[in-house]
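1. Have a look at this prediction, sequence included:
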Amino acid sequence: MDRDQIRTRIEEAGNLPTLPDVVIRITEMADRAETTGRQLGLEIAKDQVISAKVLRLVNSGFYGFSQPIATVPHAVTLLGFETVKTLVLGSTVLDMMKDALPGLWEHSMACARTSALIAEHALLDDVQEVCTAGLLHDLGKVVLRQSMEDAFRTVVSLVQERDWLFVEAEEHVLGAHHGHFAGWLLEKWGLPDRLVRPIADHHNFHEDQPFARSTAVVHLADILCRAEALGRGGDRKIPRLNPAALEILGMAIDDVLGVMERMSEEMRDIRRV
């Protein structure tokens, strides 16, 4: 099966997650300049499931509030539109990630928060969008499990038996990996390239690719979270860092160590595996 055939099979799978209409409507509202915080909060509050998941994320330690946030409009006021978009998108995949692989949700949350730390350090303009990319970077593992369960089991067996990286086993079995799978799904959802490409390319970083700085952030964040054993990505190994990622972000090893110190301080609530 070649890559085009795999993409077709994934895109035609009947059990893949879809982006709910309410999420599309909320993200469109958040992008409109005339939308007020109250309007956005009330729109989210109309959907009890989305509201509950957003509040669960807000109060999970993700943003470090000392007092509980009780309402979605309050969350919108405190966090701003871009962050709320991150939460709404994250809420749609929360349960799927928890069911896919042990520790995957914790790893994804840690990668989102680490992506934000790196993006702030490197003075990127779109910190919250990069944070979203970090949160969704391993969504392709969920896609693989739901669309090609036999291949997923083969990949997991190779990871366990040969102590391979998950991405290595995927490439061996399918000639493609979870970055590609997530990218195809997110394109099907109609999400913009500036969000899709860092997710699709985080294992294949190159400084000449589109949205290279955002991709470098997710590439580095994933590796640091693996090194710190924050959650679990499905294997026991740490991917190789492409030095060009540090160069394009203007970071040296001392900068990386500084980010890791902040990770230790700010992610005590995330289980280490």
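-> Arrived safely. The model shown is predicted, which means the values in this text are computed figures rather than measured ones.

2. any residues touching the lowest-mean-pLDDT helix or strand in the chain, and which ones?
-> Among the helices and strands of the chain, helix 81-100 carries the lowest confidence by mean pLDDT, DSSP states H and E, at a mean of 74. With contact meaning Cβ atoms under 8 Å, 6 or more residues apart in numbering, helix 81-100 is reached by 17, 19-20, 23, 26-27, 30, 35, 37, 40, 44, 50, 53-54, 56-58, 63, 75-76, 79, 104-105, 108, 112, 128-129, 131-132, 135-136, 138-139, 141-142, 145-146. C-beta here means a position set from N, CA and C on the backbone, and glycine is covered the same way.

3. packing partners for the helix or strand following it?
-> Per DSSP states H and E, helix 81-100 leads on to helix 104-121 as the next helix or strand towards the C-terminus. Under the contact criterion of 3 or more Cβ pairs under 8 Å, 6 or more residues apart in numbering; DSSP states H and E, helix 104-121 touches helix 81-100, helix 127-136, helix 212-227, helix 253-266.

4. Flag the shaky bits of this structure, pLDDT-wise.
-> By pLDDT under 70, the weakly predicted segments of the chain are 14-20, 60-64, 94-95.

5. tell me the residue furthest from the middle of it?
-> E34 (28.5 Å; Cα atoms, centre = their mean).

6. does it count as helix, strand or coil?
-> At E34 the chain is in coil, as set by DSSP: H, G, I helix; E, B strand; the rest coil.

7. need the contact list for it.
-> Counting by Cβ under 8 Å, 6+ apart, E34 has no contacts.

8. separation between it and F81?
-> 12 Å (Cβ to Cβ, to the nearest Å).

9. Same check on E11?
-> Per Cβ to Cβ, E11 is found 30 Å from F81.

10. which one of these two has more residues nearby?
-> F81 (18 against 14; other Cβ atoms under 10 Å).

11. Can you say which helix or strand has S66 in it?
-> Assigned by DSSP H and E, S66 belongs to no helix or strand.

12. Tell me how many other residues crowd it.
-> Counted with other Cβ under 10 Å, the neighbours of S66 add up to 4.

13. I'd like the numbering to begin with 880 instead of 1 from here.
-> Renumbered: residue one is now 880, and that last one reads S945.

14. Now it, what are its backbone angles?
-> The phi and psi values for S945, taken as degrees, to the nearest 10, are phi -80, psi -30.

15. How much space separates the closest residue to L983 other than its chain neighbours from L1018?
-> Excluding the flanking residues, the one nearest L983 by Cβ to Cβ, 6 or more residues apart in numbering is M976, at 5.0 Å. Distance, M976 to L1018, using Cβ to Cβ: 7 Å.

16. now do S1026
-> 12 Å.

17. shared neighbours of the two, anything?
-> With Cβ under 8 Å, 6+ apart as the test, S1026 and L1018 both reach F1060.

18. ok, the two, which is more surrounded?
-> L1018 (25 against 21).

19. so which strand or helix has the nearest residue to that one once chain neighbours are set aside?
-> Leaving aside its chain neighbours, L1018 sits nearest to A1061 (4.2 Å; criterion: Cβ to Cβ, 6+ apart). Using DSSP H and E, A1061 maps to helix 1057-1067.

20. before we move on, back to that, relative to D1005, how far out is the residue farthest from the centre of the chain?
-> Separation of E913 from D1005 (Cβ to Cβ): 21 Å.

21. Now do the same contact list for the closest residue to H953 other than its chain neighbours.
-> Computed as Cβ to Cβ, 6+ apart, the closest residue to H953 that is not its neighbour in sequence is G920, at 7.6 Å. Applying Cβ under 8 Å, 6+ apart, one finds that G920 lies in contact with 950-956.

22. Which element, helix or strand, includes G920?
-> Secondary structure from DSSP H and E places G920 in helix 916-924.

23. what's the angle between that helix and helix 960-979?
-> Interaxial angle, helix 916-924 versus helix 960-979 (axes from the mean of the first three to the mean of the last three Cα atoms, to 10 degrees): 20 degrees.
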